[in-house]
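>>> dropping the sequence and predicted coords here.
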Amino acid sequence: MVLRAKAMEELAPTEPFKRPAWPGNAAAMSKCKVCKAPAIIDLPRHNANFCGEHLQQLCRRQVEKAIKDFRMLEPGERVLVAVSGGKDSLAVWDLLVDLGYQADGVYIGLGIGEYSDESGGYAQRFADERGLTLHTIDLRDEYGYDVPTAAKATRRVPCSACGTSKRHLFDRAAHDGGYAVVATGHNLDDEAAVLFGNTLRWDIDYLARQLPVLPGDEHFPRKVKPLVRLTEREMAAWCIVRGIDYQVEECPMAAGNRHLGYKETLNAVEARSPGSKASFYLNFLDNMAPILAESRQTVVEGLGLCERCGAPTTAGGSTGPGGSTEGGAPRVCAFCRIVEKSAAHEPVPVELVTTQRNGRRR
Ligand code: SF4
Ligand SMILES: [Zn+2]
Ligand SMILES: [Zn+2]
């Protein structure tokens with residue numbers, strides 16, 4: 001098995017004095033906690049080392065527990081997995097299939113230059129090699145824009161335009177394909193970093209919605225995050241032991257993303273106090289999420305339907321003078337607004353957006 005440098009980096013422990021105990025590695029002296037075979041990874045938060053087989057067992061159990069505890073999936077339910085070609089989305093797809101769920105994938109071509117071309121290749125090869133169904137949507141071909149162009153046209157940071165587009169299109173793909181549920185590869189590191197940011201700002205709306213399951217209704221599917229009990233490092237290890245080849249490179253638009261900074265901060269805390277990240281996020285779900293339920297209800301009640309595409313939206317519309325329908329502003333969702341501005345804009349190369357962002361940070 002070929003281990004690429006970045007993949008090994010992802011396996012690097014958060015505690016500097018412990019080395020990843022990969023076979024062939026000089027540090028492979030430790031033993032699996034379960035079977036005493038040579039360990040391939042140390043997991044300080046479990047205070048244990050694991051061989052490849054028992055690492056897989058741990059991952060399966062953590063996903064099963066998340067699915068059961070948060071009532072993510074019903075037996076026999078068809079699941080649509082939002083696939084990016086990165087380790088987490090391919091791992092969650094692999095885990096769901098491995099656990100017996102009928103899971104198909106959907107990939108969105110975001111038009112982020114070579115990064116998107118390569119990511120789509122990883123997603124397609126994963127599906128082909130396993131005989132799985134992958135639906136693909138291309139932003140440029142089907143909606144006349146790509147993420148760099150949307151960032152420029154809407155004057156928003158790329159991740160904002162990208163996130164809005166992805167959420168909308170995953171929902172639509174699920175609706176059109178008859179899937180009641182969309183699964184994403186958000187892991188414990190992702191959720192803890194988002195929670196950290198939301199807590200720094202005490203953003204009650206976002207905190208109220210930061211759940212591993214968001215219920216669906218007749219307009220949009222349930223959203224589930226089966227990896228919330230597993231870390232990035234564990235997912236990188238899962239992919240390596242399962243022979244999953246994935247996009248190792250970061251999206252070029254991610255530079256400057258606040259969540260990367262939050263992850264670094266939380267990793268520093270975790271290195272000093274293993275298990276802190278899991279406590280921070282999982283105790284939030286146990287202790288704070290129930291208290292925030294009332295705010296959540298308010299958000300759901302504020303939803304209306306986009307007058308262009310019919311999707312649920314928090315956007316408001318207005319009536320014309322005297323309450324007439326003439327002269328008022330229509331209720332238009334964020335996605336339709338992005339399409340409107342971006343499709344009319346000249347295509348923008350990735351480099352232009354990344355150079356501008358890098359320049360701004362200096
Ligand atoms: S880093 Fe931002 S722009 Fe890149 S894929 Fe993720 S959300 Fe989209
Ligand atoms: Zn073992
Ligand atoms: Zn719309």
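Thanks, I have the structure now. Ligands and ions are numbered 1, 2, ... in the order given.
>>> can we go C-alpha only for contacts and neighbour counts from here?
Noted.
>>> helix or strand with the lowest mean pLDDT in this structure?
Lowest on mean pLDDT, DSSP states H and E among the helices and strands of the chain sits helix 5-11, with a mean of 54.
>>> which SSE is immediately downstream of it?
The helix or strand immediately downstream of helix 5-11 is strand 41-43, counting by DSSP states H and E.
>>> what's that following strand packed up against?
The helices and strands touching strand 41-43, judged by 3 or more Cα pairs under 8 Å, 6 or more residues apart in numbering; DSSP states H and E, are strand 48-50.
>>> the strand it packs on pairs with which strands, parallel or anti?
Partners of strand 48-50 in the sheet, by DSSP bridges, are strand 41-43 (antiparallel).
>>> what about the strand it pairs with, average pLDDT?
Taken as a whole, strand 41-43 has a mean pLDDT of 96.
>>> buried ones in it?
By neighbour count on 16 or more other Cα atoms under 10 Å, the buried set for strand 41-43 is 41-43.
>>> nearest to ligand 2 among those residues?
In terms of Cα to the ion, no member of these lies closer to ligand 2 than residue 41, at 10.6 Å.
>>> wait, isn't the closest one in contact with residue 49?
Yes: the pair residue 41 / residue 49 is scored as a contact, 5.6 Å apart, by Cα atoms under 8 Å.
>>> so residue 105, which state does it fall into?
Assigned by DSSP: H, G, I helix; E, B strand; the rest coil, the conformation of residue 105 is strand.
>>> pretty sure it is touching residue 83, no?
Yes: Residue 105 is within contact range of residue 83, at 6.0 Å (criterion: Cα under 8 Å).
>>> find residues that contact each of those two.
Listed contacts common to residue 105 and residue 83 are residue 93; contacts here mean Cα atoms under 8 Å, 6 or more residues apart in numbering.
>>> quick revisit: out of the buried residues of strand 41-43, which is nearest to residue 238?
Proximity of these to residue 238 (Cα to Cα) peaks at residue 41, which lies at 10.5 Å.
>>> in the sheet, which residues pair with that closest one? Tell me.
residue 50.
>>> can you list the residues of the stretch 1-150 of the chain near ligand 2?
Listed as neighbours of ligand 2 in the stretch 1-150 of the chain under the rule Cα under 5 Å from the ion: 32, 34-35, 51, 54.
>>> just among the residues you listed, which is most surrounded?
Greatest neighbour count in those, by other Cα atoms under 10 Å, goes to residue 51: 25 neighbours.
>>> quick one: pLDDT of that one?
With respect to pLDDT, residue 51 has a value of 97.
>>> what does residue 294 give?
Note on residue 294: pLDDT of 82.
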